[in-house]
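K.L.:
Turn this into a structure:
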Amino acid sequence: MRGPAALRCSNGADCVAYSTLGEPAKLSRGNPGPWCFACEERRIAAEVEAAAAKSKDERPRKATGLPKANRPHLGKRNEPEEHVCMKRSCERPVAESDGTALFCREHAETSRAAAVSERRRTWVLNCERAVRSAIASGDERLERRWAKLLLAAEVSFAEAEAELRVAEIRARSTTATQRAKRIPKRG
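P.N.:
Alright, predicted model coming up:
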C-alpha cells in the first residue's frame, strides 16, 4: 500500500525548484509551513531586503523641503513608484498582501483557492484512510459514516478544484492581455 501523496510547495509554478524539477518541490516532514525551504528562504531574504530599504528611508535627513512623511516616494524617473504584483510576468497593481508578499487581486484569489483545495484534498485522504480502517475493523456503522463523509469530502474537493481552475484562468487571461499590449504589432 502506498502512502499519502507528497505535499508540494504551495507556490506552485513560482516555486524555486520548479524550473529544475518541472514541478513544485516536495515538502519535507519537518517543514511546518506551506512553502518549501528554498521558497521560504527567498521570502525571508525579500523580507530582510524590504526591511533594510525601509530603515534606509527612515534615516534622519536634512531639514529642507517637506517633512519625510509628506514627501511622495519617487521611482527612477522622478515619478511616484507604483507597486506591482510579485508573480512573474504580472504587472497589475498590488491589491493584497499576505504579510510579506504583495499580490494583485487575481493572484491573491488564486493563492487562497489553492490553499482551500489543498486542505480539502487532505481531508479526502483522511476520510479514505478512515474508511479503510473501518473496513478492516469490520464495523459496518463506522464504515457507512466514513463513506458518507468521504463522498461529501470528494464533492467539496471537486468544487475547490473547479474554483482554483477558474481563479487561475482569471489570473492568466488578464496577464496575457497585458503582455499583448506591450508587444508591438507588425504589419
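K.L.:
how near is Val84 to Leu102?
P.N.:
Noted for Val84: a distance of 8 Å to Leu102, by Cβ to Cβ, to the nearest Å. Just so you know, the C-beta spots here come from the backbone N, C-alpha and C atoms, and that holds for glycine as well.
K.L.:
Mutual contacts of the two, please.
P.N.:
Residues touching both Val84 and Leu102 by Cβ atoms under 8 Å, 6 or more residues apart in numbering: Val94.
K.L.:
Looking at the two, which one has more neighbours?
P.N.:
Leu102 (18 against 14; other Cβ atoms under 10 Å).
K.L.:
can you pull the contacts of the closest residue to that one other than its chain neighbours?
P.N.:
Excluding the flanking residues, the one nearest Leu102 by Cβ to Cβ, 6 or more residues apart in numbering is Val94, at 4.2 Å. Counting by Cβ under 8 Å, 6+ apart, Val94 touches 83-85, 102-104.
K.L.:
pLDDT value on Val94, please?
P.N.:
On the pLDDT scale, Val94 is placed at 71.
K.L.:
Distance of it relative to His83?
P.N.:
4 Å.
K.L.:
between these two, what contacts are shared?
P.N.:
Counting by Cβ under 8 Å, 6+ apart, the residues touching both Val94 and His83 are Leu102.
K.L.:
quick one: Ala160 and Thr122, what's the gap?
P.N.:
The gap separating Ala160 from Thr122 is 11 Å, by Cβ to Cβ.
K.L.:
between the contacts of Val94, which is nearest Leu27?
P.N.:
Closest approach between the contacts of Val94 and Leu27, by Cβ to Cβ: Phe103, at 21.2 Å.
K.L.:
tell me what the helix or strand Ala167 falls within is packed against?
P.N.:
Using DSSP states H and E, Ala167 sits in helix 140-182. If you count contacts as 3 or more Cβ pairs under 8 Å, 6 or more residues apart in numbering; DSSP states H and E, helix 140-182 packs onto helix 105-137.
K.L.:
buried ones in the helix it packs on?
P.N.:
105-114, 116-118, 120-121, 123-125, 127-128, 130-131, 134 (16 or more other Cβ atoms under 10 Å).
K.L.:
what do you get for stretch 140-158?
P.N.:
143, 146-147, 149-150, 153-154, 156-157.
K.L.:
which one of those residues sits closest to Ile169?
P.N.:
Nearest to Ile169 out of those is Phe157 (Cβ to Cβ; 18.9 Å).
K.L.:
OK, contacts around that closest one?
P.N.:
Contacts for Phe157 (Cβ under 8 Å, 6+ apart) come out as 117, 120-121, 123-124.
K.L.:
What distance do you get for it to Ala51?
P.N.:
Distance of Phe157 to Ala51, given as Cβ to Cβ: 39 Å.
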